[in-house]
Structure formats: C-alpha cells, structure tokens
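[1] sequence? don't have it. structure:
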C-alpha cells in the first residue's frame, strides 16, 4: 500500500470513528437491527457460529458492583455512559477506543462491561472484551475486532507462487521473545532464508541480526513468509494469507477476531515444528510440489473472504456485544 493511500485510509478511519462517537445511540441501534434483517440465511448462520466462537464464557454471570481488580492489575470495569474518549491522556489507545465504542454504542447507558486493551493472554474471573486470548474451549475473554486498522490489512498480490523466489523471509521485532530469537539463531545465515530483526534495543550480542526495513511488496517476492507469534498473535498472518505466498508457522497458541484457532495445518498454512527444525524440509517439499502449495493458497484465500464481507463484519461486531450484554444483564 502506498504511503499516500495509507494516510488517506488512516484519516478516513479516524473521521468515521468520531462521526460514530457523536451519533446518538438510538440511531446506531436502529441501523444495526436493520442490518441484521438484511443478512442472507447463509450469512445469518455464519454470524451465529462466529458469535458463539467469540463468546465462549459459561452461563449468565453477574458483574460485581465494584471493580475487584486494582488499577493496572486486570480488566477495567466501566458503566457505558462513562466510557468517554480519553482526549487528554498520554496513552490514549485511541484505535482501541474507537473500535470498542463501535461495538457498544447501541446499548443502554447503565450497562456495565469489563474490557482490557493490548496484547492479552491472561484469564480473569469475569467476561471481558479483548483483542486477543489463548486458544481454549472455555474462556472469559470475549473477542472483538480491536485495533483493526493495524491488524486487518489485505494485499493485492500480482505475483503467482511460481514467480516468487524459492526462499523464506521474516522480519520481526525480537524483544524478550526467545522463540523469535531461536529462528534467527538457526537460520540467519541460511542461503534459503532472508531473516532479520527490526529492533536495535535487544540481543545486542547479535548486532548482525539487524536488517534493513523490508516492505510488504518486497516480502511478497518470496514463496514463504514466516508468521511467528510475538506477545500474542502473528500480526502479519492476515495479509500473508491474502497473498500468493505461503504462510509458514508453528501451530498458533493465541487468537484474535481472525479466529486463528480454526485454521487447519497444511490446509490454510504450512505447519512447522515449534523449534523450527523442519523448516527447510517443509519449504523444499512445497517447492517440489507446487500444485499442493497452490491449493493451500486457495484455501487461505477462501478463509480470508469471510473477513472481507463488510456488512457482515459490522453486524457481527454488534451481535457479539449484544450477546455479551444479554447474558450479563
């Protein structure tokens, strides 16, 4: 994506966010209920399944009257009428605010909710809205499409798999993340791998790991793109799966709105061992079996399509919040 186009998308994102912020609740509620009525039977069925996936807490728990978690030690609890844009706070997390407000802006002012911004992998006693969570069957972490401007980006890949280099590429921040450091320890100098770290303030014992910035367009010239989890999920997984390169990664441990827990190994992505020991072997296999590689890419594209249905995504965001509030109030 060009710099000018990305800037325009950012401006548009914030403009729409603030228009939504100043629009009355009853208008949002009317629009969302009408939107639900326009869904096709297939879309309604998909919505139901995904709502059940995002909301995996048990029963109808009651939220406490007072937040039991000390400041900075757990989810924040707020009455909806008090959920206001943090205009003058240093750490505003404005994208998180805009995205969470989109979900809750149709509901009564006296409703209460728990929420927590950032890369969340911890569990708490009450259902709360998050961007990410560990993959598990039952959890109080309710997924919403938070920080979507950064995480939900797609690419228009003009190169076919056969036109790309028979190599793997990876650019990651390696900060307090031994699993990412291990990848570089094993393959930094391998002739089939172009790997490097993007930060300068960690692993100073390996200054050679620091590599130049590489754009998405440059990475898309490689057949294999590593998608390695960081604090939670691998941020690049979404755009890689929309490309004609293969996403390569160990089985994911965390998930977001993208439902990483539903991805099928060697069907949506190329599975490698947690210690990366079979990376070259797996690459060589798909270089020698391009038809199988192309099939995985087709499956990845099919998976991505469900998140590119704009009106269904809007309906889902509302429906997840509705399920949360219905069960807690």
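    Yep, it's here. Computed from a prediction, not measured in an experiment: that's the story for all the values here.

[2] mind listing what the closest residue to residue 208 other than its chain neighbours touches?
    Distance criterion Cβ to Cβ, 6 or more residues apart in numbering; nearest residue to residue 208, sequence neighbours excluded, is residue 188 at 7.4 Å. (Glycine included, C-beta is placed from N, CA and C.) With contact taken as Cβ atoms under 8 Å, 6 or more residues apart in numbering, residue 188 is in contact with 195, 196, 206, 208, 209.

[3] buried sites along the strand or helix carrying residue 171?
    Using DSSP states H and E, residue 171 falls within strand 165-172. Buried residues in strand 165-172, defined by neighbour count with 16 or more other Cβ atoms under 10 Å: 167, 168, 169, 170, 171, 172.

[4] For that strand, what does the pLDDT average out to?
    Confidence for strand 165-172, expressed as mean pLDDT, is 96.

[5] Need the worst-confidence member of the contacts of residue 188.
    residue 206 (83).

[6] Phi, psi for it please.
    phi -130, psi 60 (degrees, to the nearest 10).

[7] quick one: it from residue 249, how far?
    22 Å (Cβ to Cβ, to the nearest Å).

[8] if you count what's nearby, which of those two comes out ahead?
    residue 249 (23 against 14; other Cβ atoms under 10 Å).

[9] show me the contacts for the more buried one.
    Here residue 249 is in contact with 226, 227, 228, 229, 234, 237, 269, 270, 271, 272 (Cβ under 8 Å, 6+ apart).

[10] and what of residue 232?
    119, 120, 121, 131, 132, 254, 256.

[11] ok, back up a step: what is the strand holding residue 171 packed up against?
    Under the contact definition 3 or more Cβ pairs under 8 Å, 6 or more residues apart in numbering; DSSP states H and E, strand 165-172 sits against helix 178-187, strand 193-197, strand 222-226, helix 279-288.

[12] ok, which stretches of this protein are helices?
    3-21, 25-38, 41-54, 94-104, 148-151, 178-187, 216-219, 237-241, 279-288, 290-305, 310-328 (DSSP state H).
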